[in-house]
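Peer 1: From the sequence below, what's the structure:
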Amino acid sequence: MYTSGQTVIYGANGVCVIEGVTVRKIGSVSMEYYVLKPLGAVGSTVYVPTQNEKLVGRIRRVKSAGEVRALLASLGSNELEWIGDDIRRNEVFREMIARGDCGELMALVRLLHAQERRLLARGRRLHLADDRILREAEKMAVEEVAAALGTDRGEALSLILRDIEVPLRPTGAGFPLLFFSAGSAVKKARTLSKKFVFFSRRVFTNP
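Peer 2: Numbering: from 1, shown residues only. The predicted structure is shown next:
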């Protein structure tokens, strides 16, 4: 049972504050709902039926500061790999969004940001589906990190993206290749002579 004033995570809605419980009538049926206010969508309200175990099961507490710091410390040790098949990649990424695991979402954000910069270095952009996934994953991960650590979203994103090395601009063989370290804003120059290495971004819930 959740109580008024609790800060929780609710799926893609991200960090929400439970405003209370209300009873609403849909047709001839009266149902009890948790009333959630997403912090990232001012003016929005999400209603979750209290008797729907599946939907209520999607509500979880925000991770503690210690848990988030541990997740941040582990970033980079086991990066995700890019999936070349568009359909399969979208399925896998959507499953990660649906699970809403903070550690997975941070890894996904890192992967998509690196891919985005790799493509930009070639004058290309992320596929529309990948860009949508990036926006969703980034919103969910950044909001939870910011809430847990009591920081702003910009700082939270910097913590998630620390030490990612990605191309800053296209280069030619034998010329310096500039890299941007997303978390610390450090630029490095490297010369690659023969090969290029590019481092792999009011609602009712129906019962």
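Peer 1: what about stretch 1-16, start to end distance?
Peer 2: End-to-end distance for stretch 1-16: 16 Å, by Cα to Cα, to the nearest Å.
Peer 1: again with stretch 143-156
Peer 2: So stretch 143-156: terminal residues 8 Å apart, Cα to Cα.
Peer 1: who's in contact with it?
Peer 2: Residues outside stretch 143-156 that contact it (Cβ atoms under 8 Å, 6 or more residues apart in numbering): 7, 9, 14-15, 39-40, 62-65, 67-69, 72, 102, 105-106, 141-142, 159-160. C-beta here means a position set from N, CA and C on the backbone, and glycine is covered the same way.
Peer 1: average pLDDT for it?
Peer 2: Confidence over stretch 143-156 (mean pLDDT, whole number) is 94.
Peer 1: In helices, which of the contacts of stretch 143-156 appear?
Peer 2: 65, 67-69, 72, 102, 105-106, 141-142, 159-160 (DSSP state H).
Peer 1: Save these as TSV, and put in distance to R122 and neighbour count too.
Peer 2: Listed next are the ones in helices among the contacts of stretch 143-156 as TSV, based on distance: Cβ to Cβ, whole Å; neighbours: other Cβ atoms under 10 Å:
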residue	distance to R122	neighbour count
A65	39	14
E67	37	14
V68	34	23
R69	35	15
L72	30	20
C102	31	21
L105	26	24
M106	26	26
A141	26	27
V142	27	26
L159	28	20
I160	24	23
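Peer 1: Can you say which two of those residues are spatially most distant?
Peer 2: A65 and L105 (17.2 Å; Cβ to Cβ).
Peer 1: show me where the protein has helices.
Peer 2: If DSSP H is used as the criterion, the helices of the chain fall at 53-56, 65-74, 86-99, 102-120, 128-149, 153-160.
Peer 1: Output those helices as a markdown table; include the columns distance to V29.
Peer 2: Output for the helices of the chain, formatted as a markdown table (distance: least, Cβ to Cβ, whole Å):
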| stretch | distance to V29 |
| --- | --- |
| helix 53-56 | 16 |
| helix 65-74 | 39 |
| helix 86-99 | 27 |
| helix 102-120 | 35 |
| helix 128-149 | 32 |
| helix 153-160 | 39 |
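Peer 1: Helix or strand with the lowest mean pLDDT in this structure?
Peer 2: Across the helices and strands of the chain, mean pLDDT, DSSP states H and E gives its lowest value to strand 186-191, namely a mean of 31.
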